[in-house]
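K.L.:
Could you look at this predicted model? Sequence included:
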Amino acid sequence: MDSEHTHPLSESATELGARRRRPFRHGQWLLLALLVLVALIVAIVQQWRGNREHSQDDAILAAALRYNIHPALIKAVVWRESWFDPNARGTSGEVGLMQIRAPTAQDWATAEKNKLFTHFQLFDPVKNTQCGAWYLRRLLNRYRQTDNPLAYALAAYNAGPANVARWSKGEASTNSVVMLRQMDFSGTRKYVASVIQRYELYRKNFPPENWMKNDRPPLIEHPRVQSRVSALSRLSNS
């Protein structure tokens, strides 16, 4: 046999090991590239979500100041109703950031002496949040004698005052936990709990520190609302 031609079987162990390891190294690079891509996508999504959550802050702050409601509460309702989409439409005619219906909008326009109001104007974030904040303030005042006006107001915002009256018989007329327990709309119970939880989250850093340093709107809920949040959370899962 010609000594100048080496048989494949005579390859050194080092060369064979290198050939076997090469696909594994390529697999590692592929996995690393995939992880970097996933991390990049997550970062972009988080940035987009953050930008969206702050996209309506100016309109929310203006409405909060006008109707003396904590901005974090308005923002929590906007989050739950439309997820900050000013063009959102509901299945029952609700419109805009706070999903305002025509009768509520007309009541607000009448109260504000806005004779040129049209329902289409509620696609404007400023008008929509002002109308929603006005309605929230009216509901909070309506239930101010209860142990937690916020729970009653949010239930009425979602299901209407007529249903809240139906759920507020006896002890439930002033006890929010009993009222929520008697509620036969599980969706409304979850709505109340989710908005209150989001309100608690937002108010940790909203409004910003440089907003109305000397004259911020007061907290609108009953002082015992903190002890109610955990109870509402448990009820939301029932």
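P.N.:
Arrived safely, thanks for sending.
K.L.:
per-residue confidence averaged over stretch 68-82?
P.N.:
Across stretch 68-82, the average pLDDT comes to 96.
K.L.:
and for that stretch, what are the contacting residues?
P.N.:
With contact meaning Cβ atoms under 8 Å, 6 or more residues apart in numbering, stretch 68-82 is reached by 53, 56-57, 60-61, 63-64, 84, 88, 94, 96-99, 129, 132-133, 136-137, 140, 150, 154, 157, 191, 194-196, 198-199, 201-203, 206-207, 211, 217-220. Bear in mind the C-beta positions are built from the backbone N, C-alpha and C, glycine included.
K.L.:
Mind checking which of these are buried?
P.N.:
Buried subset of those (neighbour count, 16 or more other Cβ atoms under 10 Å): 53, 56-57, 60-61, 63-64, 84, 88, 94, 96-99, 129, 132-133, 136-137, 140, 150, 154, 157, 191, 194-196, 198-199, 202-203, 206-207, 217, 220.
K.L.:
which residues touch stretch 134-144?
P.N.:
So stretch 134-144 is contacted by 67-69, 73-74, 77, 100, 104, 107-108, 111-112, 149-150, 152-153, 156-157, 161, 164, 220 (Cβ under 8 Å, 6+ apart).
K.L.:
ranges for the helices of the protein?
P.N.:
13-53, 57-67, 71-82, 102-111, 125-142, 149-159, 161-167, 176-182, 186-202, 225-236 (DSSP state H).
K.L.:
Nearest to H119 among these would be which one?
P.N.:
helix 102-111 (5.4 Å; Cβ to Cβ).
K.L.:
Sort out which residues of the closest one are buried, please.
P.N.:
Those would be T104, A105, W108, A109, for helix 102-111 by 16+ other Cβ under 10 Å.
K.L.:
can I see the domain layout of the protein?
P.N.:
8-49, 56-236 (automatic domain parsing).
K.L.:
So for stretch 175-184, mean pLDDT?
P.N.:
For stretch 175-184, mean pLDDT rounds to 96.
K.L.:
coming back round to it: got CSV for the helices of the chain, with distance to T118 too?
P.N.:
Output for the helices of the chain, formatted as CSV (distance: least, Cβ to Cβ, whole Å):
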stretch, distance to T118
helix 13-53, 27
helix 57-67, 19
helix 71-82, 20
helix 102-111, 9
helix 125-142, 10
helix 149-159, 23
helix 161-167, 25
helix 176-182, 36
helix 186-202, 28
helix 225-236, 37
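K.L.:
need the least confident one among these, by mean pLDDT.
P.N.:
helix 225-236 - the lowest mean pLDDT of the helices of the chain, at a mean of 47.
K.L.:
about what we covered before: return the most buried member of the domains of the chain.
P.N.:
domain 56-236 (a mean of 18; mean count of other Cβ atoms under 10 Å).
K.L.:
chain center to that one: distance?
P.N.:
Domain 56-236 sits 12 Å away from the centroid of its parent chain (Cα atoms, centre = their mean, to the nearest Å).
K.L.:
wouldn't K169 be in contact with M183 here?
P.N.:
No: between K169 and M183 there is no contact under Cβ atoms under 8 Å: 11.7 Å.
K.L.:
Now the common contact residues for these two.
P.N.:
Common neighbours of K169 and M183 (Cβ under 8 Å, 6+ apart) do not exist.
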